[in-house]
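Trainee: Dropping the sequence and predicted coords here.
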Amino acid sequence: MLVLIGILIIIAGFLLRFNPLLVIMASALATGLAAGLDIAAIIAAFGKAFNDTRYVSIIWIVLPVIGLLEAYGLQQHARTLIGRMKGATLGRLLTGYLLLRQGMAAVGLTSVAGHAQTVRPLVAPMAEAAAEAANPALSDEQREEVKAHAAATDNIGLFFGEDIFLAIGSILLMKGVLEGYGYIIEPLHFSLWAIPTAIAAFLIHGFRLRRLDRRMAAKTEAAA
Amino acid sequence: MITLGFVYVLAGLTFAAFAALGLLDRSNPKRFGNAAFWGLLALSMLGGDHLGDFGNGLLVLALVAIAGTGQIGRTPGGDVAADVQASRAAQHGPFLLLVALIIPAAALAGTFLFKWIPGLADPKQATLISLALGVLIALAVGMARLKPPALLPLQQGRRLLDAVGWAAILPQMLASLGAVFALAGVGEVVGDLIGTAIPQGSLFGAVLAFGLGMALFTMVMGNAFAAFPVMLAAVGMPLLIKQYGGDPAVVAAIGMLAGFCGTLMTPMAANFNLVPAALLELKNPYGVIKAQIGTAVPLLAVNIVFIWLFAF
């Protein structure tokens, strides 16, 4: 029971808005001590895990390219493109991206798009431009909401597409865990059972994007 | 053969360049903190395998000390003026888009190519290696045509990373915390607690506990992978599969997706929820989570109903 103190520290730390890196370290130390480890062993365990998971942080190597392109006006160009497309509403744009992201993830192409590679340089400015086309007096709060939805759409497309792919980590994990209990299951079965949820995710999020689109448009009329 | 080690060297050199440029930036009052933080990260990428476990742990403690005492700051300004960007966009627009698409296109092509022709690159890491190669190609093509000042990509990249700040290593820190939790047996304790809280004799009650448990425990751990073995052991296996005869493939597959709904609602999944908020420079660090809750909650309900309908 005592090891749960780490979870309490995490929840309290995030709620009280302490620096998350400090909260994580405090949680790791408290959890390790509660489990009877000595401090040196906890630090070594954390260090080993940190070294083993360095691949999580390599995405930042794309920043020099994004920085170069943005200095030359990539975001402006993305906005101009949307301005030229007739019928490119915020809802249609993000729904199209959702479908694309789900489809790519479903064939295993999870790292092809993402927040650093596609959302910040392309999808977010395009979404902002589409919202602005419908409502030239877009407020700062609305801009924030539109950008947040661009990132949210990327996550939802990724999460509810990737499990359709046979060789993704989560499917291999499920197969491995069930084998431990003596159930031998082909990866294809897990893949197929991810499809109903993928369709539901598309319908639910697509519906919400339509409403986001209308909400932005409705405020235009109220303002006009 | 190209391995992940190549990508780590590339990342290490990039962080080292950010640290050096940060140190030279006299307009930033916290330049020493920034330089030390990115410099330590460069050391981790370049030499992490030679530091030993305890050495890596000390490196992490130093990173946390720098960030936790507020020694990281960002240089104000440095943005290219909006009208300059607009006129450059009019001139180079289609080319910029093309270069931006080189990175995903290279990741796509490389993933297939490296699996198709063995021996070129580690097939298990094909996408990450292709992504890194895409970055180098895009940089070379962009530099050749745009002819910017030589250090501009690194200076602008550093500016973007300074805007993200310490949140850049939050995902890696949380993944490491997960490893300590596993070592301490946190999962088993939570599983036992949830297992004892389920009402006996109700199939739907058990399905509900499994689905909600997956989502909640994923929110705490920030990762459905950590929640899955625990919830399967506590509820999925003894009740849904053994007692009620549920189809294990359905219970596992849709249970995992119920966990993903939890991922959408937690700051612990920093790389998906907090990092993009920083990267898009949102005022509310929880803005992305707020945008996701309206999809995550109904989808979680759908998943629970799906398990109940399809597994039995």
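Mentor: On my side now, so go ahead. Just so you know, these numbers come straight off a predicted model, no measurement behind them. Numbering: from 1, shown residues only, chains lettered A, B, ... in the order given.
Trainee: Identify the residues contacting B:Ala179.
Mentor: By Cβ atoms under 8 Å, 6 or more residues apart in numbering or on different chains, the contact set of B:Ala179 is A:Ala45, A:Phe46, A:Lys48, A:Ala49, A:Asp52. In this view, the C-beta of every residue, glycine as well, is placed from N, C-alpha and C.
Trainee: Now distance to A:Ile156 too, for the residues you listed, in a markdown table please.
Mentor: Converted to a markdown table, the contacts of B:Ala179 look like this (distance: Cβ to Cβ, whole Å):
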| residue | distance to A:Ile156 |
| --- | --- |
| A:Ala45 | 34 |
| A:Phe46 | 32 |
| A:Lys48 | 33 |
| A:Ala49 | 28 |
| A:Asp52 | 28 |
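Trainee: Check those one by one and keep those near chain B.
Mentor: When contact is defined as Cβ under 8 Å from any Cβ of the partner chain, those meet chain B at A:Ala45, A:Phe46, A:Lys48, A:Ala49, A:Asp52.
Trainee: For the third one, which residues are in contact?
Mentor: So that's A:Lys48. Applying Cβ under 8 Å, 6+ apart to A:Lys48 gives the contacts B:Asp53, B:Asn56, B:Gly57, B:Ala179.
Trainee: In CSV, list the C-alpha atoms belonging to the helix or strand hosting it.
Mentor: Element membership of A:Lys48 [criterion: DSSP states H and E] is helix A:39-52. Extracted in CSV, the C-alpha atoms of helix A:39-52 (Å, rounded to 0.1, in the frame of the first residue of the first chain):
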residue,chain,number,x,y,z
ILE,A,39,18.6,6.0,-2.6
ALA,A,40,21.5,5.0,-4.8
ALA,A,41,19.6,2.1,-6.2
ILE,A,42,16.6,4.3,-7.1
ILE,A,43,18.9,6.9,-8.8
ALA,A,44,20.5,4.1,-10.8
ALA,A,45,17.2,2.6,-11.8
PHE,A,46,15.9,6.0,-12.9
GLY,A,47,19.1,6.7,-14.8
LYS,A,48,19.0,3.3,-16.6
ALA,A,49,15.4,3.9,-17.6
PHE,A,50,16.2,7.5,-18.8
ASN,A,51,19.0,6.2,-20.9
ASP,A,52,16.9,3.4,-22.4
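Trainee: Check the offset of it from the chain's centre.
Mentor: Averaging C-alpha positions (Cα atoms, centre = their mean, to the nearest Å) puts helix A:39-52 27 Å from its chain's average.
Trainee: for stretch B:216-233, same thing?
Mentor: 17 Å.
Trainee: List the contacts of it.
Mentor: A:7, A:10-11, A:169-170, A:173-174, A:177-178, B:174-175, B:178, B:181-182, B:187-188, B:190-191, B:194, B:210, B:213-214, B:251-252, B:255-256, B:259-260, B:262-263, B:265-270.
Trainee: ChimeraX command for the buried members of those residues?
Mentor: Command for ChimeraX, covering only those of the contacts of stretch B:216-233 found buried under the criterion 16 or more other Cβ atoms under 10 Å in any protein chain shown:
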select /A:7,10,170,173,174,177,178 /B:174,175,178,181,182,187,190,191,194,210,213,214,251,252,255,256,259,260,262,263,265,266,267,268,269,270
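Trainee: And the contacts of B:Ala179, which of them are buried?
Mentor: A:Ala45, A:Phe46, A:Lys48, A:Ala49, A:Asp52.
Trainee: now A:Ala218: how far from chain B?
Mentor: 17 Å (Cβ to the nearest Cβ, to the nearest Å).
Trainee: likewise A:Ala78?
Mentor: 7 Å.
Trainee: For chain B, identify the residue most remote from the centre.
Mentor: Distance from the centre of chain B peaks at B:Gly201, with 40.3 Å (Cα atoms, centre = their mean).
Trainee: name the helices or strands packed onto the host helix or strand of B:Phe112?
Mentor: Secondary structure from DSSP H and E places B:Phe112 in helix B:82-116. Counting contacts by 3 or more Cβ pairs under 8 Å, 6 or more residues apart in numbering or on different chains; DSSP states H and E, helix B:82-116 is packed against helix A:63-71, helix A:74-84, helix B:126-146.
Trainee: any idea how far the residue nearest to the spatial centre of chain A is from A:Ala105?
Mentor: Residue closest to the average C-alpha location in chain A (Cα atoms, centre = their mean): A:Asn155, at 3.1 Å. Taking Cβ to Cβ, to the nearest Å as the measure, A:Asn155 falls 11 Å from A:Ala105.
Trainee: Helices along chain A, start to end?
Mentor: A:5-15, A:20-34, A:39-52, A:63-71, A:74-84, A:90-106, A:124-134, A:140-162, A:169-180, A:187-193, A:195-223 (DSSP state H).
Trainee: Would you mark the buried spots in the shortest one?
Mentor: This means helix A:187-193. A:Pro187, A:His189, A:Phe190, A:Ser191, A:Trp193.
Trainee: Ok, the second one next?
Mentor: Using 16+ other Cβ under 10 Å as the burial criterion, the residues of helix A:20-34 that qualify are A:20-34.
Trainee: now swap in stretch B:46-56 and tell me
Mentor: B:Leu46, B:Gly48, B:Leu51, B:Asp53, B:Phe54, B:Gly55, B:Asn56.
Trainee: for those residues, which one is nearest B:Gln243?
Mentor: B:Asp53 (42.4 Å; Cβ to Cβ).
Trainee: Secondary structure element for that closest one, which one?
Mentor: helix B:31-68.
Trainee: helices or strands up against that helix?
Mentor: Using 3+ Cβ pairs under 8 Å, 6+ apart, helix B:31-68 is in contact with helix A:20-34, helix A:39-52, helix B:4-24, helix B:170-184.
Trainee: Apply 7 Å and report the result again.
Mentor: In terms of contacts (3 or more Cβ pairs under 7 Å, 6 or more residues apart in numbering or on different chains; DSSP states H and E), helix B:31-68 is packed against helix A:20-34, helix A:39-52, helix B:4-24.
Trainee: what residues does stretch A:141-152 touch?
Mentor: For stretch A:141-152, contacts defined as Cβ atoms under 7 Å, 6 or more residues apart in numbering or on different chains pick out A:90, A:94, A:115, A:119, A:123-124, A:127-128, A:131, A:212, A:216, B:276, B:280, B:282-284, B:287-288, B:290-292.
Trainee: Thanks a lot, catch you later.
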